[in-house]
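**Q** Sequence plus the predicted model coming up.
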Amino acid sequence: MHAQLFESLSHALTQVQGYIYPNELELQWSILIVLYPYITGLVAGAFILASLERVFNVKAVKPTYRLALLTALAFLIVAPLPLNLHLGHPERAFQILFTPNPTSAMAMFGFVYLWYLMAVLLMEVWLDYRKEIVGWSKTEPWAPKRLFYKIVTFGVDNVSPRSLEIDDKLGKALTVIGLPSAVLLHGYVGFIFGSIKANPWWSTPLMPIIFLFSAMASGIAGVLLLYMILSAYRNKDTDMKCLDTIGKFFLTALVLAFSLEMLETIQQIYEAEEHFDILSLLVQGKLYFSVFFVQLLMGSLIPMFLLGLIQLTDLPEKVRKAFYAASATFCLIGIFAMRWNVVIGGQFFSKSLRGFTTYKLELVGREGLLSAVVVMILPFVILAALIYLLPPWENAEHAPPAKSSET
Amino acid sequence: MRGLQRRQFLKISTAALFGSLMTKLAAPLAWAEDFYREPPWKRKKPYWGFAVDIDKCIGCAKCVEACKIENNVPKEPFYFRTWVERYVLRKNGAVEVVCPNGGMDGYPDIEDEGGVAKAFFVPKLCNGCEHSPCVQVCPVGATYKTEDGVVLIDKDYCIGCRYCIQACPYGTRYFNPVTQTADKCSMCYHRITKGLATACVEVCPTGARIFGDLSDPNSALTKFREDNKTESLKVHMGTEPKLVYKGFDKEIR
């Protein structure tokens, strides 16, 4: 195992440009740590989209409310996986919960995560589905599934109007708590990077807020795309009013994220501190393609242009749909590139500010491309299971989605 | 009569409360005079520190080798608790820094020696930061500062998240592939607590490395710091390194 590592490091040694400290040859945080902010970003973004309906009473996005919640849940369940896979001692991970260092941002992860999963998402999903779950626990013909529903009623089968009213109130209160929690979850991920003063590519107070707005953009894009794909799969028409409304929020999140990133860039260029030379070499060299083409052009400018065009002109439904799908896809790729540029890009240059190391993504191995692909597929498997158990469609019955009777 | 007493009591207590509140609020104005912060080695004994005399280092890298042997540092050229960089500053302003295998493989010949303005060696190691970013970020407290001022890692508690390696501004930490935990210079804690010098200091043929007790006014280190003007790496980061250099140059990073 070490032989393979040493071989790849020996090769990296021949690729070093300029001078780096000898310990900096090995990139400490791999593609798995790129996935971590990407996945939590999707969680936070999807939840914020869901809360639009609940807290801000944007009724038009109702068709995606439950889908957004389930998406957030599916991705949140997977979020700790890339972190654990990456640890040198995964078996010691529980120490973060039992002996957290109060000055460590990372130590807060367990708590923020558990709070968000247990207190916010699971509770909200449960309250929202409670009425149906009680119904399904009685009518579901397949016994194992009926048993599942019976268990998740947790013995509460009161579905009187009064009780449902309380559910609704509780759910709303939860979303009100959930919104700052979602902001906290992803703002916190930004802080993990933004608070590292040793790294000038990361160290900025804007990092949490840039992460947050890009998270919103990616989460909205994710749910938008899922909604369109699933509607097509179910042979249902997408609700255009819903799409148009989501599109507006999508554009807003993109514009905010882009503006903040530009603000940060302009500030860096203007102040041109000690680290300016190495950072400009970084974006003009190793990150040239992934910053300018993928993150900025494909991930921000093109989606903003397409979504802006929809706002400014009167395009037919079909074109709008195509534009939404394209914007969402581009944005999801662009924000992945953004996470890559932050995490991997921030480790390319030496803290001596005199040179660069390299990163070769291995195909196999614990931190290889295949692991990353599995980590990225897993949330969709979980989402499929969640959709099977808890159909998010309006007026859904206990039957599989294909047979559901949406009006 | 009773009513009057009560009113008086209320008056006096309100005045007292207001007065003490104002004193508290105005207190920060007096802080400037208290700006002096007592260094920790005035309170704790012993308190270990380190110094490097750049002008004395000849780049033999015996220290790097001794450190690797003493502390079981993997022998591959990607893992170092200490290393020695060679700086060549050219007359045209160019700066060349090299450190092949931490200095253990020797250094390449300098081309065009006539164009060299100055050249020197700089040993690097843990800066023993008083405010260590690595200790700050460790999620489980596996890395910590001892009472006597040394930053250590508990390899049996480290979860291997590598956050500390990211947080160290000096690149002095690495990920040990054998233990699967972070690793760094321990200032030979197993030796210094037994009255021995660190391995690197022990083997340095020119006395370029000075180790000692900062709390002892007669220690060689205290004398060195008093007799010379010294500088530390990246002081703007507020880490307050206890490692100081004599003969520093602005190109050293």
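**A** In hand now; what should we look at? Numbering: from 1, shown residues only, chains lettered A, B, ... in the order given.
**Q** Apart from its chain neighbours, what residue comes closest to residue B:252?
**A** In this structure, residue B:252 finds its nearest non-sequential neighbour in residue B:122, 5.5 Å apart by CB to CB, 6 or more residues apart in numbering or on different chains. For every residue, glycine as well, the C-beta is placed using N, CA and C.
**Q** partner residues bridging that neighbour?
**A** residue B:85 (DSSP bridges).
**Q** Residue B:53 is in contact with that one, correct?
**A** No. Judged on CB atoms under 8 Å, residue B:122 makes no contact with residue B:53 at a distance of 10.8 Å.
**Q** Residues that sit against both of these two, list them.
**A** Shared contacts of residue B:122 and residue B:53 (CB atoms under 8 Å, 6 or more residues apart in numbering or on different chains): residue B:245.
**Q** okay, the two: which has more neighbours?
**A** Set side by side, residue B:122 and residue B:53 show more neighbours around residue B:122, with 24 against 20, by other CB atoms under 10 Å in any protein chain shown.
**Q** any idea how chain B splits into domains?
**A** B:2-34, B:40-246 (automatic domain parsing).
**Q** Spatially nearest residue to the residue of chain A found nearest chain B, not counting backbone neighbours?
**A** For chain A and chain B, the shortest gap (CB to the nearest CB) falls at residue A:88, measuring 1.9 Å. Spatial nearest neighbour of residue A:88, chain neighbours left out: residue B:160 (1.9 Å); criterion: CB to CB, 6+ apart.
**Q** pLDDT value on that neighbour, please?
**A** Here the pLDDT value assigned to residue B:160 is 97.
**Q** try residue A:1
**A** pLDDT, residue A:1: 62.
**Q** Over to residue A:114?
**A** Note on residue A:114: pLDDT of 89.
**Q** Which parts of the stretch 101-250 of chain B are strands?
**A** Listed in chain order, the strands of the stretch 101-250 of chain B (DSSP state E, counting those that start in this stretch) span residues B:116-124, B:143-145, B:151-153, B:174-176, B:181-183, B:209-213, B:230-231, B:243-246.
**Q** What average pLDDT does the third one get?
**A** This means strand B:151-153. Here the average pLDDT along strand B:151-153 is 98.
**Q** List the strands paired with it, with their directions.
**A** Note on strand B:151-153: by DSSP bridges, its sheet partners are strand B:143-145 (antiparallel).
**Q** Go through the strand it pairs with and flag the buried ones.
**A** In terms of neighbour count (16 or more other CB atoms under 10 Å in any protein chain shown), strand B:143-145 has its buried residues at B:143, B:144, B:145.
**Q** what about the residue of chain A closest to chain B, distance to residue B:201?
**A** Shown here: residue A:88 relative to residue B:201, a distance of 30 Å by CB to CB, to the nearest Å.
**Q** now do residue A:363
**A** The value you get for residue A:363 to residue B:201, if CB to CB is used, is 46 Å.
**Q** In terms of neighbours, single out the busier of these two.
**A** Using other CB under 10 Å as the criterion, residue A:363 and residue B:201 rank with residue B:201 on top: 21 against 8.
**Q** Now whatever residue of chain B ends up closest to chain A: phi and psi?
**A** Residue nearest to chain A within chain B: residue B:160 (1.9 Å; CB to the nearest CB). The phi/psi pair for residue B:160 (degrees, to the nearest 10) reads phi 80, psi 40.
**Q** so it makes contact with residue A:93?
**A** No. With contact defined as CB under 8 Å, residue B:160 and residue A:93 do not form a contacting pair (9.7 Å).
**Q** Now do the shared contacts for these two.
**A** Jointly contacting residue B:160 and residue A:93 under the rule CB under 8 Å, 6+ apart are residue A:87.
**Q** Helices along chain B, start to end?
**A** B:2-26, B:62-70, B:133-137, B:163-167, B:189-192, B:199-203, B:220-227 (DSSP state H).
**Q** Now mean pLDDT and distance to chain A too, for these, in a markdown table please.
**A** A markdown table is the format used below for those (pLDDT from 0 to 100; distance: least, CB to the nearest CB, whole Å):
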| stretch | mean pLDDT | distance to chain A |
| --- | --- | --- |
| helix B:2-26 | 83 | 27 |
| helix B:62-70 | 98 | 9 |
| helix B:133-137 | 97 | 5 |
| helix B:163-167 | 98 | 5 |
| helix B:189-192 | 97 | 20 |
| helix B:199-203 | 98 | 15 |
| helix B:220-227 | 97 | 25 |
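**Q** Let's have these in JSON lines, adding distance to residue A:283.
**A** Output for the helices of chain B, formatted as JSON lines (distance: least, CB to CB, whole Å):
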{"stretch": "helix B:2-26", "distance to residue A:283": "47"}
{"stretch": "helix B:62-70", "distance to residue A:283": "34"}
{"stretch": "helix B:133-137", "distance to residue A:283": "25"}
{"stretch": "helix B:163-167", "distance to residue A:283": "20"}
{"stretch": "helix B:189-192", "distance to residue A:283": "42"}
{"stretch": "helix B:199-203", "distance to residue A:283": "39"}
{"stretch": "helix B:220-227", "distance to residue A:283": "41"}
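**Q** how about the ones you listed, which one is nearest residue A:263?
**A** Among the helices of chain B, the nearest to residue A:263 by CB to CB is helix B:163-167 (24.5 Å).
**Q** What helices and strands are in contact with that closest one?
**A** Counting contacts by 3 or more CB pairs under 8 Å, 6 or more residues apart in numbering or on different chains; DSSP states H and E, helix B:163-167 packs against helix B:133-137.
**Q** where's the helix it packs on relative to the chain centroid, distance-wise?
**A** 12 Å (CA atoms, centre = their mean, to the nearest Å).
**Q** Summarise which helices and strands it is packed against.
**A** Against helix B:133-137 (3+ CB pairs under 8 Å, 6+ apart) you get strand B:143-145, helix B:163-167.
**Q** Nearest approach to residue A:391 belongs to which of the ones you listed?
**A** helix B:163-167 (41.1 Å).
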